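Chemist: Sequence and predicted structure below; questions after.
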Amino acid sequence: MEKPIRVLVAKPGLDGHDRGAKIIARALRDAGMEVIYTGIQQTPQMIVEAALHEDVDVIGLSILSGAHMTLLPKVMHLLREQQMDDLLVVAGGIISDEDALVLREQHGIHAVFGPGASTHEIVRYIQAHAGNEGRAREPSSLASS
């Protein structure tokens with residue numbers, strides 16, 4: 001029997017709106033993944049500690065506050081410090097195409113899903129890139145949706 005993909009869904013920063021993150025968490029769970037939802041207002045340190053403690057394969061970061069260019073690179077930096085940079089990291093929220101490109105190319109976020117991205121698209125991406133081995137492949141050139 002294959003090990004299910006373990007996904008940590010987190011809301012970094014002071015953003016208090018988590019409806020989208022909960023919808024994604026449910027879609028991932030319905031697709032057979034194990035989902036750990038950390039709740040709102042998580043620091044980058046809290047997110048990385050939870051990922052380490054929960055032994056996840058994927059981190060999904062949902063951010064609407066506009067602080068994505070500060071908080072998401074900090075998460076990636078802390079993952080590298082913990083030698084956890086083999087995790088698949090995806091982000092979603094209100095992120096411009098230009099910022100999404102920088103997050104992918106300079107900071108190692110694998111994919112950025114914008115408003116209107118379907119849950120099916122996100123599920124398929126994670127299944128394809130986390131795979132049965134549970135570890136990430138190279139960052140995608142997927143444009144933000």
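Modeler: Arrived safely, thanks for sending.
Chemist: Tell me where this structure is predicted with low confidence.
Modeler: 1, 131-145 (pLDDT under 70).
Chemist: residue closest to the middle of the chain?
Modeler: Centroid-nearest residue in the chain, with C-alpha atoms, centre = their mean: residue 60, separated by 1.9 Å.
Chemist: so what's that residue up against?
Modeler: Counting by C-beta atoms under 8 Å, 6 or more residues apart in numbering, residue 60 makes contact with 7-10, 21, 24, 28, 89-92, 122, 126. No exception for glycine: its C-beta is placed from N, CA and C like everyone else's.
Chemist: any chance of these in TSV, with secondary structure and neighbour count too?
Modeler: What follows is those, written out as TSV (DSSP: H, G, I helix; E, B strand; the rest coil; neighbours: other C-beta atoms under 10 Å):
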residue	secondary structure	neighbour count
7	strand	26
8	strand	27
9	strand	26
10	strand	26
21	helix	24
24	helix	25
28	helix	24
89	strand	25
90	strand	25
91	strand	27
92	strand	24
122	helix	21
126	helix	25
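Chemist: returning to what we had before: can you give the distance of the helix or strand that contains the residue nearest to the centre of the chain from its chain's centre?
Modeler: For residue 60, the host element (DSSP states H and E) is strand 58-63. Strand 58-63 sits 3 Å away from the centroid of its parent chain (C-alpha atoms, centre = their mean, to the nearest Å).
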